[in-house]
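Asker: take this sequence and fold it.
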Amino acid sequence: MSQIIAVTAGKGGTGKSTTSANVATGLATLGHKTLLVELDFGLRCLDIMLGMKDKVKHDIGEYLEGKIDILTATTKVDRVENLSLVCATRNPFIDINPDKIMGVCDEMREHFDYIIVDTAGIGSSVFSVIKAADLILMVTTPDTVCVRDGQMLSDFLYVKNCINQRLIINKVSENFKNEDILYDLDEVMDAVGIPLIGVVPEDVNIKICGAKGEALPPTCGGFKAYSSIAKRIDGQDVPLSIKID
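Answerer: As a prediction, this is how the structure comes out:
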């Protein structure tokens, strides 16, 4: 049975889409057929991050309008074996039917082991996917604003019985313990109230490679962190890439 994984965040700027792209890449690299679905309507970016900017011919908007089926809206990612992408539409005003959004996940379960959904907000169309997800990855950075917003979103999801949440703390600098505006990582976990699944360092390679559509170097901290998260999702017992004590 395939798994639906919803990636969400309390506010913008946490690295949610970058996390979605790299976790999906990690799972595909482990040999799993993986689909990455972008639901950030009007703010498309995953095609750039995955080096597919000029190669995506169709998107989810055409599927929602009934012009094509969802398999036609799916594009294989050249640089990563086992990874495919459904891009968001560039049209922010498209009529979004929650049932059709869920239809994407239901139909694609037959073709993929993991379906990673890069969500945006908690509108009815997106929330239906989050509620149906087998796993919810909450992405936050260790600053006070993002932590509070992550806590509020997490609490809302728990009230809605979305309980299988895991926390990813992103953009953690080497000197995070000495920066007064940042929480200690233990405090982040306590504040948001979600079990930790991964910590991603502040790594210039993540920004540069995402902008250029290139793969992360296997030796960099970002690659190791995302690989560890993917392995942990896959059920492997691997340590955190950053010590929290």
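
Asker: mind listing what the spatially closest residue to residue 83 that is not a sequence neighbour touches?
Answerer: Nearest non-adjacent residue to residue 83, counting by C-beta to C-beta, 6 or more residues apart in numbering: residue 28, 3.8 Å away. C-beta: built from backbone N, CA, C; applies to glycine. Counting by C-beta atoms under 8 Å, 6 or more residues apart in numbering, residue 28 touches 34, 77, 80, 81, 82, 83.

Asker: swap the cut-off to 6 Å and go again
Answerer: Residue 28 makes contact with 34, 80, 82, 83, according to C-beta atoms under 6 Å, 6 or more residues apart in numbering.

Asker: let me see the mean pLDDT of the top helix by length along the chain.
Answerer: If you go by DSSP state H, the chain has its longest helix at helix 144-159. Helix 144-159 carries an average pLDDT of 89.

Asker: need the contact partners of it.
Answerer: Here helix 144-159 has contacts from 10, 11, 14, 138, 140, 183, 188, 191, 192, 194, using C-beta under 6 Å, 6+ apart.

Asker: can you tell me which of the contacts of residue 28 is nearest residue 205?
Answerer: Closest approach to residue 205 among the contacts of residue 28 (C-beta to C-beta): residue 80, at 16.5 Å.

Asker: and the strands in the chain?
Answerer: 3-9, 34-38, 75-76, 83-86, 114-118, 135-140, 165-172, 196-201 (DSSP state E).

Asker: still on that earlier bit, PyMOL command to pick out the buried ones of the contacts of helix 144-159?
Answerer: Entered in PyMOL, the line below selects the buried ones among the contacts of helix 144-159, by 16 or more other C-beta atoms under 10 Å:
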select buried, resi 10+14+138+140+183+188+191+192+194
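
Asker: okay, the angle between the longest helix of the chain and strand 3-9?
Answerer: Between helix 144-159 and strand 3-9, the angle comes out at 140 degrees (axes from the mean of the first three to the mean of the last three C-alpha atoms, to 10 degrees).

Asker: by how many degrees do helix 144-159 and strand 135-140 diverge?
Answerer: Going by the same axes, to 10 degrees, helix 144-159 makes 160 degrees with strand 135-140.

Asker: going forward can the numbers begin at 168, since that is how I track them
Answerer: Yes, from this point I'll number from 168; that puts the last item at helix 311-326.

Asker: now helix 311-326, how far from the chain's geometric center?
Answerer: Distance, stretch centre to chain centre, for helix 311-326: 17 Å (C-alpha atoms, centre = their mean, to the nearest Å).

Asker: farthest pair in the contacts of residue 195?
Answerer: Taking C-beta to C-beta as the measure, the contacts of residue 195 have their most distant pair in 201 and 247, spaced 8.4 Å apart.

Asker: with neighbour numbers in mind, choose between these two.
Answerer: residue 201 (27 against 21; other C-beta atoms under 10 Å).

Asker: the more buried one: what's it in contact with?
Answerer: Shown in contact with residue 201 (C-beta under 6 Å, 6+ apart): 191, 194, 195, 249, 250, 281.

Asker: sounds good, over and out.
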